[in-house]
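**Student:** sequence? don't have it. structure:
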């Protein structure tokens, strides 16, 4: 499957104060799940505020191939007529997920619990990402992996089972993707599917399944874990979904305002789910001036507006237990730490090695290229801040990783010298309006 793109370098330069109110795109995790739950529900599901990034649109196309009728009604507004649990169509062509790790893994769960066979593929970055941890529990439930690349990677030919076995499964790592794949497969099981996590991961799947009428129970397990039990063959009810703002996307705007002198912005409608606010907790510990305004509920999730002002920050020790609540935000945190006073140590980042790139190594390399003292010790990243100053001036290799690109562009807005990323094209996978929203606040980029 060909995904050849012309790389487009982009440079960020120091700018004046960032000012204004902005609303970033809808949450990517919920947007993926909205399409999949719409597919598995009989009737029309309406979605507002959906993230229209390339990753999510790949999931939409996969759902269409599996039997959903999907229509875009306007910006962020979509209609999904689902096929229903047990009634999926076998796709005629390979399901191309581009760079979408979440979309591909969750859809494997859906296919694994249905009597259809589908080929999963994507771009060069997705083909490097391990899928064995998703496939293992699906095989226990009765699915078969007919073809796979070395190490359980895409392209993968997965034959689902029309009668998935209800299982009790302990996830080997804290991963919402593993948990969600098992629960999606368990929807078509005759019986009770249980997932046990020793460290709780994002709970969007549980909340949305409950919102759609599934019989699901979640309870504490051990000190930090959860035990989730799902009764199979529910009759899901169509619902209207309002997607809250993605905290992982909002993180780039928040970080820029903290670092650019004189900045004062408001980021509207940010999801405040406690399993997604690890970065906010860490920034407040560092001394960030962030006010939480107008807490409210939208689409089953708590949201709030965040007022963010430029701040003098101090390095902190980030505990490993916080990783599940901010796994996608360590890259931008590392950039923030480069401007802080003292040392920031981010512990237990092994999961970063199997993301869109080896994010741990790539983040260290980007920091070093811009004159920041950083090192990896085991699975920990240690960043020595420049007491409010960062030299910049480097060229950062993004490795087809959207979050690497945006993180180091934010660095350039506050550095002494411009920072260039080798490619901006993949930013569209998760944050297609990144450049115009940053420009609206006063940021400066040059291609």
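**Tutor:** Thanks, I have it. Keep in mind that what you see is a predicted model, and the values were worked out from it rather than measured.
**Student:** Break this structure down into its domains, please.
**Tutor:** 10-26+244-446, 28-238 (automatic domain parsing).
**Student:** For those, give me JSON lines that also has mean neighbour count and mean pLDDT.
**Tutor:** (Each C-beta comes from the backbone N, C-alpha and C, glycine too.) Below are the domains of the chain laid out as JSON lines (neighbours: other Cβ atoms under 10 Å; pLDDT from 0 to 100):
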{"stretch": "domain 10-26+244-446", "mean neighbour count": "21", "mean pLDDT": "95"}
{"stretch": "domain 28-238", "mean neighbour count": "20", "mean pLDDT": "96"}
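**Student:** Now do the strands in the stretch 201-350 of the chain.
**Tutor:** Assigned by DSSP state E, counting those that start in this stretch, the strands in the stretch 201-350 of the chain fall at 216-221, 225-231, 240-242, 264-271, 289-298, 301-309, 317-318, 343-346.
**Student:** could you pull out the helices for the stretch 101-250 of the chain?
**Tutor:** 101-112, 132-140, 176-186, 204-211, 247-259 (DSSP state H, counting those that start in this stretch).
**Student:** Reformat those helices as a markdown table; add distance to residue 193.
**Tutor:** A markdown table is the format used below for the helices of the stretch 101-250 of the chain (distance: least, Cβ to Cβ, whole Å):
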| stretch | distance to residue 193 |
| --- | --- |
| helix 101-112 | 11 |
| helix 132-140 | 10 |
| helix 176-186 | 3 |
| helix 204-211 | 11 |
| helix 247-259 | 28 |
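**Student:** Ramachandran coordinates for the residue lying closest to residue 353 once chain neighbours are set aside?
**Tutor:** Distances taken as Cβ to Cβ, 6 or more residues apart in numbering place residue 360 nearest to residue 353, at 5.5 Å, with adjacent residues excluded. Residue 360 adopts backbone torsions of phi -70, psi -50, taken as degrees, to the nearest 10.
**Student:** what does residue 81 give?
**Tutor:** According to degrees, to the nearest 10, residue 81 has phi -100, psi 110.
**Student:** That one against residue 63, yeah?
**Tutor:** No: with contact defined as Cβ atoms under 8 Å, residue 81 does not reach residue 63; the gap is 10.5 Å.
**Student:** Need the residues touching each of the two.
**Tutor:** By Cβ atoms under 8 Å, 6 or more residues apart in numbering, residue 81 and residue 63 have these common neighbours: 38, 70.
**Student:** quick one: which of the strands of the stretch 201-350 of the chain is nearest residue 96?
**Tutor:** Residue 96 lies closest to strand 240-242 among the strands of the stretch 201-350 of the chain, at 24.7 Å (Cβ to Cβ).
**Student:** For the closest one, list every residue counted as buried.
**Tutor:** Residues of strand 240-242 classed as buried by neighbour count (16 or more other Cβ atoms under 10 Å): 241-242.
**Student:** which strands and helices sit next to it?
**Tutor:** When contacts are defined as 3 or more Cβ pairs under 8 Å, 6 or more residues apart in numbering; DSSP states H and E, strand 240-242 sits against strand 43-48.
**Student:** quick one, the next helix or strand after the strand it packs on and helix 101-112 angle?
**Tutor:** Under the assignment DSSP states H and E, the closest C-terminal helix or strand after strand 43-48 is helix 54-65. Relative orientation of helix 54-65 versus helix 101-112 (axes from the mean of the first three to the mean of the last three Cα atoms, to 10 degrees): 20 degrees.
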